[in-house]
Every structure is written in structure tokens, then in C-alpha cells.
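# Return atomic coordinates for the entry below.
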Amino acid sequence: MPRALAALGAVVFLPALLATLGPRVDKLVLWRRRQRPVGEGFWHRLATFVMRRPIPVAGAVIAILLVLGAPFLGVKFGSPDDRVLPTSAPARQVSDDIRSRFSDREASPLSVVGPDTRGAGPAELTAYAERLSRIPSVARVDALTGSYAGGRRVFPANRSSGRFSSPNAAWFSVIPSVEPVSPAGERLVQDIRGLHAPFPVLVAGPSAELVDSKTAIFSRVPIAAGIIALVTFVVLFLMTGSVVIPLKALVMNVLSLSATFGAMVFIFQDGHLSNLLHFTATGTLDSSNPILMFCIAFGLSMDYEVFLLSRIKEEYDRTGDNVSSVAMGLERTGRIVTAAAGLLAMVFIAFSTSEISFIKMFGVGLALAVVMDATLIRGMLVPAFMRLMGRANWWAPGPLRRFHRRFGLHEGDGTQEPPIVVEEPVMTGDRP
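Down below sits the predicted model:
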């Protein structure tokens, strides 16, 4: 909704306001920059430099992105706990004392509930509790018939409390011997759910919540990613008339986001820079944060891509020269996109001042994604790949070309075909 309102304001209210102000819109300019002739700006020079050496530049940038993204192969997802708080918080101090001075996990038990145990007597309840207590990561099992450890009863039942008593139902409190929010805690939930029970059982608790949350989130990721990729491909095709450029944009976004997530694993999961950023690494990342970061970073990077590609396409439709179109497109969009990226990066950096670690990660990650996309991706990879592909950038099968000519997103009437220009081959010398 905010994006829709922003788009409505940009295409409806902003033109009306500019028409009303007229020349007065520049009345309060503090200083005026000298306009450089076309072809002499920084971004034009950068694009020209990259397109003279597209293979080494692209190889170096891809190598940097792959190195940054490599730690993501070892990502471990978890749920936030008290350690997201600063060490000065009283709740954090209490939990740290419990964690360091008490070895058991009484505060984080798993609840195993049999909602319908009709037909199961004390013998079946006892046998099931004994089997639960034999699981290697279980310290103790408390049940209606007593407490169990290592497959045998260690305490008799305390029936006077009524804690585990309910008609036609059973409750077992499973005390783990491992950290609940951890891969070992997840394996414990799987072991309990895979254990044979004389009646249907349900498992809850911190470890089970982590397992179920990850399943609920990541089971839909392929569908969501497919929808995003399809919509992105269709919109970019309608804008450019090419099937190559949308694929290139998707691949570059994946590279950029992989590098961002790899850096987040390196910093916030593994704990590097924890002293500088003042947080406690838990060995996992909050499972919801990467999804939110992906959606926001992908949308922002596609914004920049559309700004750049629309200007390149306009120049290419006018001249038919792929090389000069890329250089001109980067020159005409460089300042505004860099300013926008800088403003967004500063906003996200402000998030990193939070004392809550997952909010800090959100800010650092998105700031890094925006900066990386505005520099390495837009300034270097895009010109390099578009130079290497040449006129193939604008290729599409015949039926799709005809479809784009009729239904595509055109600035003009969409009937003019670009002139055919024979481009020189890729060079590594002084001329592009």
C-alpha cells in the first residue's frame, strides 16, 4: 500500500504541483553546479572504463560477491531469545545467570500431549514415558505415573498435585539436556515425533515452535520466489522487449542478496564484529529476518535496475548503439540513484544503533545490500555484462517480439525499430 500511494503521488500529484510552481521550483537552490557536457561525467567515465575491460572487471566483482556469500552455505536459523537484549537489561542478566550457573533446562521443557488416551491405562503411560526418557537428548520426563530418566522411574507419582491428571488425556513434560533453540533441540523434537506412541500425541515448547516456524516459513519460499521471479521477468520484458535482460537482472540480484546474507552469517551468526557492534552472537539467525530482508532488498535493487534500464532502453531505441546507450544510461541515472541509495543506507544504518540484535542485523544487512547494489552491481556488473552480450541484450523470440511491439510498455508509439549497428568486438585496450 505505501508503494502504491507513492506511485500515485508521483504520477498524479507531483506533475500538478510542478506545473503550478513552474520556474519557481528552483528559486531556493543554494548553489548551482556547472553542467558537464554529455560524456564527461563520473558515471560515464566509469561505464566506459568497465566496458573496455568487461571480462576482468566482471570476474573480479563476481569473485568478491561469491566470497562474501560463501558463509551463507553454513547458515543456521533459530528464534530470538533473551540474548537479543543488551547485557545491561535485567531480564538478560537473570537468563545469563540461569544459563551459566544451572545445568538443567527446567525453564524450557517440551510438552508432549495426548489429547485422546481412551483405552490407554497406567501401564501404557509408563511405557511411553520410559521410551521418551531413553532419547539421548532428554534429561527427565515427568508424567502422571512418575518421573523417568534413562528408561526407568526415578521418582514416584505425586497424584495429590493433580498436575498431569485429566480425563481421557495425558501430558508429559520432557526436560531436554540440550539448548532448546538449537539444531540439537530441533533433532530432539523430530525424535519425539518419530517415537512410537500408544495414542496420538502433539509436541509443543520452544524447540517445537522453532521447528514449526521454520517449516511454515520456508515451505512457501519456493512459491514466493517463483512468483517474484515471474512477475519481475514479465515486467522487465514488457519494458525492454528482451528476454536476456530480465534473466540478467534476476541473476545479479541473486548474487547481490547472497553476498548480503553471507555477510550477515559471518557477522551476526558467527559473531565477528560483535564487540564493535555490541551484540551477543547465538550461533543462529532469526528465521524471519532474512525473508523480510530479501523482500525489501529485492524490491529496492529492482527499483534501481528499472531506473537504469529505462534510460538505457531509451538511448538504445534512439541510436541502436549498445555501448553508448549503456554509458549514457549510467551517466543520466548515476547521481539520482546514488543519492537515493545513500539516503536509504543512512536510514537503515540508523536501525543498527538499536540495542536489539535482530533489529541491528536488519539495519546493517539492508544498508550493505543497498550500497552493494548501487556500486558493485549497477556501476560495474551491469555495464560489463551488457558490453559482453552486445546486441544479444535485446534478443527475444519472434512471437515475443511481436507481442512486445503490440502490448509492451513504450514511451512512444512502440512501432519504431532501432537501427542496426555493427558493433566492434570486445576489446581490452583503450577503446570500448
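# got the contact list for stretch 149-158?
Stretch 149-158 is contacted from outside by 126, 130-131, 133-134, 139-141, 143-148, using Cβ atoms under 8 Å, 6 or more residues apart in numbering. Where C-beta positions appear, they are placed from N, C-alpha and C, glycine not excepted.
# tell me which residues in that stretch are buried?
The neighbour-count check on stretch 149-158 (16 or more other Cβ atoms under 10 Å) flags 149, 153, 157 as buried.
# And stretch 50-70, by the same measure?
50, 51, 52, 53, 54, 57, 58, 61, 62, 65, 68, 69.
# go on, stretch 339-352?
In stretch 339-352, counting by 16+ other Cβ under 10 Å, buried: 340, 341, 344, 345, 348, 349, 351, 352.
# Using JSON lines, lay out those residues together with pLDDT and distance to residue 309.
What follows is the buried residues of stretch 339-352, written out as JSON lines (pLDDT from 0 to 100; distance: Cβ to Cβ, whole Å):
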{"residue": "340", "pLDDT": "88", "distance to residue 309": "16"}
{"residue": "341", "pLDDT": "89", "distance to residue 309": "16"}
{"residue": "344", "pLDDT": "90", "distance to residue 309": "19"}
{"residue": "345", "pLDDT": "91", "distance to residue 309": "22"}
{"residue": "348", "pLDDT": "92", "distance to residue 309": "24"}
{"residue": "349", "pLDDT": "92", "distance to residue 309": "28"}
{"residue": "351", "pLDDT": "90", "distance to residue 309": "29"}
{"residue": "352", "pLDDT": "88", "distance to residue 309": "31"}
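# which one of these sits closest to residue 210?
Taking Cβ to Cβ as the measure, residue 351 is the one of the buried residues of stretch 339-352 closest to residue 210, at 24.4 Å.
# Which secondary structure element is home to the residue nearest to residue 135 when sequence neighbours are not counted?
Take residue 135 and drop its neighbours on the chain: the residue closest to it by Cβ to Cβ, 6 or more residues apart in numbering is residue 191, 5.1 Å away. Take DSSP states H and E as the rule and residue 191 turns out to sit in helix 183-194.
# circling back: which of the contacts of stretch 149-158 are buried? Put it as a PyMOL command.
Applying 16+ other Cβ under 10 Å to those, the buried members can be selected in PyMOL as follows:
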select buried, resi 126+130+131+133+139+140+141+143+144+145+146+147+148
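# Mind checking which of the contacts of stretch 149-158 are in helices?
Among these, DSSP state H puts 126, 130, 131, 133 in helices.
# Surely the second one touches residue 148?
Yes: in this structure, residue 130 sits in contact with residue 148. The criterion is Cβ atoms under 8 Å, and the distance is 5.5 Å.
# Quickly list what's touching both of the two.
With contacts defined as Cβ under 8 Å, 6+ apart, no residue is adjacent to both residue 130 and residue 148.
# picking that back up, the buried residues of stretch 50-70: which two are farthest apart?
Taking Cβ to Cβ as the measure, the buried residues of stretch 50-70 span a maximum distance of 27.4 Å, between 52 and 69.
# on that earlier part again, from the ones in helices among the contacts of stretch 149-158, which shows the smallest pLDDT?
Here the lowest pLDDT out of the ones in helices among the contacts of stretch 149-158 sits on residue 126, with 91.
# ok so, going back, so how far is residue 112 from the residue nearest to residue 135?
Per Cβ to Cβ, to the nearest Å, residue 191 is found 11 Å from residue 112.
# Of these two, give the one with the bigger neighbour count.
Using other Cβ atoms under 10 Å as the criterion, residue 191 and residue 112 rank with residue 112 on top: 25 against 14.
# Can you classify the nearest residue to that one once chain neighbours are set aside by secondary structure?
Closest residue to residue 112 apart from its sequence neighbours, by Cβ to Cβ, 6+ apart: residue 172 at 4.2 Å. Going by DSSP: H, G, I helix; E, B strand; the rest coil, the secondary structure assigned to residue 172 is strand.
# Contact partners for residue 172?
111, 112, 113, 128, 129, 132, 141, 142, 143, 164.
# helix or strand for residue 49, which one?
Assigned by DSSP H and E, residue 49 falls within helix 42-52.
# Tell me, how many residues neighbour residue 177?
16.
# quick one, strands of the stretch 251-400 of the chain?
Ranges of strands in the stretch 251-400 of the chain, per DSSP state E, counting those that start in this stretch, are 285-286.
# where does it dip in pLDDT?
The model of the stretch 251-400 of the chain has no residue with pLDDT under 70.
# quick one on the thing from earlier: for the buried residues of stretch 339-352, which one is nearest residue 265?
The nearest one, if we look at the buried residues of stretch 339-352 relative to residue 265 and count by Cβ to Cβ, is residue 352, at 16.7 Å.
# Any chance of the backbone angles for that closest one?
Taking degrees, to the nearest 10, you get phi -70, psi -10 for the backbone angles of residue 352.
# mind listing what it touches?
Contacts of residue 352 by Cβ under 8 Å, 6+ apart are 277, 360, 363, 364, 367.
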